[in-house]
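Student: No sequence on hand, only this structure:
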């Protein structure tokens, strides 16, 4: 079967990959990608995706992805992978709501209870209309931040 994404490495790219492997330069994923690219090179061994996957204990889809990334996005991205983008989640409670929640927690527990449980606290916060809905975990994290 003819490959859609063919890996054809230059001499400098091949030397870079061999250096990464020999010096164990980088993460395990980077080293695995280097092995995959070297074995997939049509001017080198030219192994099949299945042979590469078996040799380096990964899925054939991983090999296909590395080939595709090399073909479409270039050598550097194929070797180093996609940079991760971290977007923090927005806070569930604003400052005013946090203050109300903490003030409630510092007050006396409801009648019949010795102390506030997270679930009891979350139910009371919703009952008082401070927020529309909230999980006990959100309240736990809010309380943890204030200590």
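Tutor: Yes, it's here. As the structure is a computational prediction, the values presented were derived from the model and not from experiment.

Student: which residues in the chain form helices?
Tutor: 11-22, 28-40, 49-55, 60-73, 75-80, 95-106, 118-127, 136-146 (DSSP state H).

Student: need those helices in CSV with distance to residue 4, mean neighbour count and mean pLDDT, can you?
Tutor: C-beta coordinates here come from the backbone N, C-alpha and C atoms, glycine included. Putting those into CSV (distance: least, Cβ to Cβ, whole Å; neighbours: other Cβ atoms under 10 Å; pLDDT from 0 to 100) gives the following:
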stretch, distance to residue 4, mean neighbour count, mean pLDDT
helix 11-22, 20, 14, 93
helix 28-40, 13, 20, 93
helix 49-55, 11, 16, 94
helix 60-73, 8, 17, 94
helix 75-80, 15, 17, 92
helix 95-106, 53, 14, 91
helix 118-127, 52, 16, 93
helix 136-146, 45, 14, 85
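
Student: Out of those helices, which is closest to residue 112?
Tutor: helix 118-127 (10.2 Å; Cβ to Cβ).

Student: so what's residue 31 up against?
Tutor: Residues counted as contacts of residue 31 (Cβ atoms under 8 Å, 6 or more residues apart in numbering) are 20-21, 24.

Student: so which of the residues you listed comes closest to residue 42?
Tutor: So of the contacts of residue 31, ranked by how close each gets to residue 42 (Cβ to Cβ), first place is residue 21, at 19.1 Å.

Student: before we move on, the earlier item: of the helices of the chain, which approaches residue 3 most closely?
Tutor: That would be helix 60-73 among these, by Cβ to Cβ, at 7.2 Å.
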